[in-house]
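# need a 3D model of the following:
(2 chains)
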Amino acid sequence: MTNALRSFRVDATSDVAAFRLWGSSISTMISDMGFVKTSDTGQVDWATVASPTTWTAIWCYEVWRFNDSLQGTTPIFFKIGYGRGNNSGTCLLSIECGSGSNGSGTITGIGTGLIRYILLGAINYDNSNPKTHLVSSDGSGLFLVHGIEAATSGHKGAFLIERLRNNDGTPNSDGFIVRSCNGTGSDLRVYDRINNLSYYATGGNAIMPFSLTSGQSTIQSNGQFPTAPVHVLTPGVSITKSKLILCYAAADLGLFAKQQVYHQGQLRTYNCLGTYFGGQDSAAQVPVSFAMWWND
Amino acid sequence: MAKIAWACNGNMAATAQFRIWGKAISDGLAAIGMIKTADTGQIDWTTVNKPAATTFAGYEVWRFNDSLQSTVPIFFNLSYGCTNNPTHPKLNMTVGSGSDGSGNITGVQINTIGLIANGTATPEDNSSKLSFMASDGSGISFIHQIDNSLSSIRSIFIIDRFRNVDGSPNNNGFIIMWKYGNETNMWTYYQDRKTSLLNHGTISRGMALMPLDLTAGLSLAISGTVYFMPYNFIVPGGSGIQRVKMILCYAASDFGFNSDQMITHLGASRKYKTLGTNLGYCDSRSQQYATAALWQED
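Sure thing, here's the model as predicted:
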């Protein structure tokens, strides 16, 4: 399976069944993409876990790892934290990436200790109606979008973990990137596995070569519109692009529109997120959204 | 295709200095192949007097002289004066598609671009400052007193016709970009002649990507190859991505001020002058250590 779209409620506290459904659904989405849950001790049991009683703290966690051919030489592990946000009923979702785990839930190696909070849920919102969540993976990258219809940025978010790519889109062992965003902005960290260094980029790493206003389309006279690749520069190593995400002007295609894009040497299908995500280019322009890789 | 460099005193305290400063710019434009029009009322550098603060002493009207000028004409008016500090030069520009013969720019217009900012009370010192100007006929790169200690005076501007993938100019329109040394904005105006979207897309940031958060010492070199990023543009309803030849963006730590580098851009190896930390905030994130390199020759 390379992609999935699921619908479930986002609720951390109003009832334990809802919290379990929320967390276990995210877990299932990751599992469905072929990622492997490690045997680290202390991981959440979705059948028995209680509702979070602390705010803005990781209540329980899972540790996952990649399962592609490069995992043996360039391992990527990540820890998903689940909990309760800043307000009653809201959720906390966090991610920490590294190159190993210690067997008891601690991420080790490069990237250790940097926890990104995808959701913090600062205010209460509609937690009684299901929201749509999307995930895609080609085995060497994982992109998960949470709560696409949530009206406030604290309740929707996304994260990307992706190996660096060759020009044809195949993954390599040079390193990986982690990108997190909360609906209105994003950051990107590059992990250089050759030199074991990391680099940071505030905001998106793509150029939308126009100063967009809300609702403005970039469609050209020939009917085409630009998509902007996310660049990844690793000093001394390479400059490459993400395969799993592209940026585009949200007005050009709406939510869930499937678009064929020629990227990294071939036509690939991307799923557009329309106006439900913004600020994704390097200038953080609100009308710039994501198109997420859906399949080749 | 020509380039010119000069050094002149940046202090406008006396008429003689004002004449030297302005005439050097005027001579530079002529040297790189621009044509001064026959508009009446243009400044006479042998008789003009230094103006008072915040006033202009006069103007010149120039035009391009390439093969596209007959179908997509570019005219510009340069006004020479002093900023709010009477020892600081001021240079304003209006760009359009014609002139009325008496100094007024007509047609498609970009009005009153201030190429030098109002400065502080600090008087200009009396040392010579470096300026550079170059053109391939279809674009101008101008680096004004780039070693001036006053950020408001050291500045760059380019006019560049939209370019094809091989660097040749096309008739889709043109772009103007300018900024002062430490100003966090990099101003961009462009005009698309195909769509009649005129003055469309005023952008306050440089539309080039520096794909990391830059620090003073962070090099973006990969195996000895330094990363330069182009400025590209698109106009809704237009003719696809439009390219710029006259300017590139790079990390300031990779090359210092006034280093000529051969850079492969738009299908050819071309010479650019790097500006190091004398300029900043040139990328789409407005990063201090994102600087520019301006075209010198092919």
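# mind listing the helices for chain A?
A:16-32 (DSSP state H).
# for it, what are the low-confidence residue spans?
Scanning chain A with the threshold set as pLDDT under 70 gives A:14, A:121-125, A:151-154, A:183-185.
# list, one by one, the residues from it near chain B.
Applying CB under 8 Å from any CB of the partner chain, we find that chain A lies next to chain B at A:190, A:199-203, A:205-207, A:209-211, A:216-222, A:224, A:226, A:231-239, A:281-283. In short, each C-beta sits where N, CA and C put it, glycine included.
# what does B:C249 show for phi and psi?
Geometry field for B:C249 lists phi and psi as phi -110, psi 140, criterion degrees, to the nearest 10.
# which ones are touching it?
B:206, B:208-210, B:228-231, B:282-283, B:290-293 (CB atoms under 8 Å, 6 or more residues apart in numbering or on different chains).
# burial measure for residue 215, as a count.
Picking chain A for this. Residues contacting A:G215 under the criterion other CB atoms under 10 Å in any protein chain shown number 10.
# chain B is the one I meant
B:T215, neighbours per other CB under 10 Å, totals 12.
# and for B:S155?
Number of residues near B:S155 (other CB under 10 Å) recorded here: 24.
# just the buried ones from the residues of chain A next to chain B?
By neighbour count, with 16 or more other CB atoms under 10 Å in any protein chain shown, these hold A:190, A:199, A:201, A:203, A:205-207, A:209-211, A:218-220, A:226, A:231-235, A:237-239, A:281-283 as buried.
# tell me which of these fall in strands.
Among these, the members falling in strands are A:V190, A:Y199, A:A201, A:H231, A:V232, A:L233, A:T234, A:S238, A:I239 (criterion: DSSP state E).
# circling back: contacts with chain A among the contacts of B:C249, please.
Within these, those near chain A by CB under 8 Å from any CB are B:A208, B:L209, B:D283.
# which members of those residues are positioned in strands?
For the ones next to chain A among the contacts of B:C249, not one is inside strands, with DSSP E as the criterion.
# among those, which one sits closest to chain A?
Distance to chain A across the ones next to chain A among the contacts of B:C249 (CB to the nearest CB) is lowest for B:L209, with 4.7 Å.
# show the end-to-end separation of stretch B:77-89, please.
End-to-end distance for stretch B:77-89: 16 Å, by CA to CA, to the nearest Å.
# residue contacts, the residue lying closest to B:R163 once chain neighbours are set aside?
The shortest distance from B:R163 to any non-neighbouring residue, by CB to CB, 6 or more residues apart in numbering or on different chains, is to B:R243 (4.2 Å). Residues in contact with B:R243 (CB under 8 Å, 6+ apart) are B:F162, B:R163, B:N164, B:V165, B:G167, B:P230, B:N232, B:L266.
# Throw those residues into CSV and include pLDDT, secondary structure and neighbour count, thanks.
Output for these, formatted as CSV (pLDDT from 0 to 100; DSSP: H, G, I helix; E, B strand; the rest coil; neighbours: other CB atoms under 10 Å in any protein chain shown):
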residue, pLDDT, secondary structure, neighbour count
B:F162, 94, strand, 29
B:R163, 96, strand, 24
B:N164, 95, coil, 15
B:V165, 95, coil, 9
B:G167, 97, coil, 19
B:P230, 96, strand, 19
B:N232, 90, strand, 18
B:L266, 97, coil, 16
